[in-house]
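Student: From the sequence below, what's the structure:
(one chain, ligands or ions: 2)
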Amino acid sequence: MFIHNLTVLDEEHICPDCKAKMSCCEAPPVHVGDGLGWGSEVLFICLNDDCPTFTSGWQKVEVNYGHKSTYRNMQLPGSTEQNVMMVASKVAFTGSIIDPESMREQNERYKKEKEAVAALKTCVQDKDLTPVMTLILDEAARTQGRKDAIGLLRELNDLSCIDPIRNHTFRNSEFEQACNLVISELLKDNFKKECPYCAELIKAQAQRCMHCKAEL
Ligand SMILES: [Zn+2]
Ligand SMILES: [Zn+2]
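Tutor: Numbering: from 1, shown residues only. Ligands and ions are numbered 1, 2, ... in the order given. This is a model prediction of the structure:
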């Protein structure tokens, strides 16, 4: 998930009923027909199982609605106005607690991916390999962006792409094969080959590697 406004992660909300620190949780997805939902990407929810709102809610729901549910206190970011969410079990929302540190990291990665995808349009004319490599080496990036990036490698004709690709572990072997194919084309385009002993780039016609001195 991606949070547009990271400052909400610094907010501290205290449950007015039990004084426990409320947990920052991912807002549940909005279903068609639910209107606009809460209008927030995160919700602060009191997940204390001893909170009076939670413990006394079972009976209230049973009496009023005739089913097994209870309430959790909830506040929206930037507000101390008290709301309640109906929950059917103890574990509701415990799976959507946001860890601020990992959320910041995820957001950082996502931002870089987005910038790289935008830079693909101009990277050939700018002779800029960076956005292409960012996408190719980012296993979490979207498939289409990575495919587009691989498709630009040959045009960019920059042999410095070879080492990072060779050193990268691809989870998707299709990407790895596509990269290997482009690398062999790039080497041909530039009359180069990789030394089978030390992997350094050498002239295609070389009989002896200028780096490791091996006979070829
Ligand atoms: Zn509480
Ligand atoms: Zn060599």
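Student: Kindly report the domain assignment for this protein.
Tutor: Under the assignment automatic domain parsing, the domains of the chain span 6-96, 100-190.
Student: Mind giving me the packing neighbours of the longest helix anywhere in the chain?
Tutor: The single longest helix within the chain, with elements called by DSSP state H, is helix 100-123. Helices and strands touching helix 100-123, by 3 or more C-beta pairs under 8 Å, 6 or more residues apart in numbering; DSSP states H and E, are helix 130-136, helix 143-156. All C-beta spots, glycine's among them, are computed from the backbone N, C-alpha and C.
Student: what sits up against the shortest one?
Tutor: If you take C-beta atoms under 8 Å, 6 or more residues apart in numbering as the criterion, helix 130-136 is touched by 112-113, 115-117, 119-120, 123, 141, 145-146, 148-150, 152-153, 156, 161, 164-165, 168, 175, 179.
Student: try it again with 10 Å
Tutor: The contact list for helix 130-136, computed with C-beta atoms under 10 Å, 6 or more residues apart in numbering, reads 109, 112-113, 115-124, 129, 141-142, 144-153, 155-156, 158, 160-161, 164-165, 168, 170, 175, 178-179, 182.
Student: go on, stretch 50-62?
Tutor: Contacts to stretch 50-62, defined as C-beta under 10 Å, 6+ apart, come from residues 15-20, 22, 46-49, 67-74, 82, 84-88, 90.
Student: run the last query once more with 6 Å
Tutor: By C-beta atoms under 6 Å, 6 or more residues apart in numbering, the surrounding residues in contact with stretch 50-62 are 17, 18, 69, 70, 71, 72, 73.
Student: quick one: is it near ligand 1?
Tutor: Yes - using C-beta under 5 Å from the ion, stretch 50-62 reaches ligand 1 at residue 51.
Student: What average pLDDT does that stretch get?
Tutor: Averaged over stretch 50-62, pLDDT sits at 96.
Student: what comes up buried for that stretch?
Tutor: Within stretch 50-62, the residues that count as buried by 16 or more other C-beta atoms under 10 Å are 51, 53, 54, 57, 61.
Student: Now, those residues that are in strands?
Tutor: Among the buried residues of stretch 50-62, none falls in strands (DSSP state E).
Student: sorry, back to before: and of the helices and strands packed on helix 100-123, who's closest to residue 203?
Tutor: Closest to residue 203 of the helices and strands packed on helix 100-123, according to C-beta to C-beta: helix 143-156, at 19.9 Å.
Student: Which helix or which strand is home to residue 74?
Tutor: strand 70-75 (DSSP states H and E).
Student: quick one on the thing from earlier: mean pLDDT added to the helices and strands packed on helix 100-123, as a markdown table?
Tutor: Converted to a markdown table, the helices and strands packed on helix 100-123 look like this (pLDDT from 0 to 100):
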| stretch | mean pLDDT |
| --- | --- |
| helix 130-136 | 97 |
| helix 143-156 | 97 |
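Student: highest average neighbour count across those helices?
Tutor: Most buried of the helices and strands packed on helix 100-123, by mean neighbour count (mean count of other C-beta atoms under 10 Å): helix 130-136, with a mean of 22.
Student: how about the domains of the chain, which one is nearest ligand 2?
Tutor: Closest approach to ligand 2 among those (C-beta to the ion): domain 100-190, 14.1 Å.
Student: just to revisit the earlier point, output the longest helix of the chain as CSV, restricted to C-alpha atoms.
Tutor: Extracted in CSV, the C-alpha atoms of helix 100-123 (Å, rounded to 0.1, in the frame of the first residue of the first chain):
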residue,chain,number,x,y,z
PRO,A,100,5.6,3.4,10.3
GLU,A,101,9.2,2.4,9.5
SER,A,102,8.4,-0.2,6.9
MET,A,103,5.7,2.1,5.5
ARG,A,104,8.3,4.9,5.0
GLU,A,105,10.6,2.5,3.2
GLN,A,106,7.8,1.2,0.9
ASN,A,107,6.9,4.7,0.1
GLU,A,108,10.4,5.6,-0.7
ARG,A,109,10.7,2.6,-3.1
TYR,A,110,7.4,3.4,-4.8
LYS,A,111,8.4,7.1,-5.3
LYS,A,112,11.7,6.0,-7.0
GLU,A,113,9.8,3.5,-9.2
LYS,A,114,7.3,6.2,-10.3
GLU,A,115,10.1,8.7,-11.1
ALA,A,116,12.0,6.0,-13.0
VAL,A,117,8.9,5.1,-15.1
ALA,A,118,8.4,8.8,-15.9
ALA,A,119,12.1,9.2,-16.9
LEU,A,120,11.9,6.3,-19.4
LYS,A,121,10.5,8.6,-22.0
THR,A,122,13.6,10.8,-22.1
CYS,A,123,16.4,8.5,-20.9
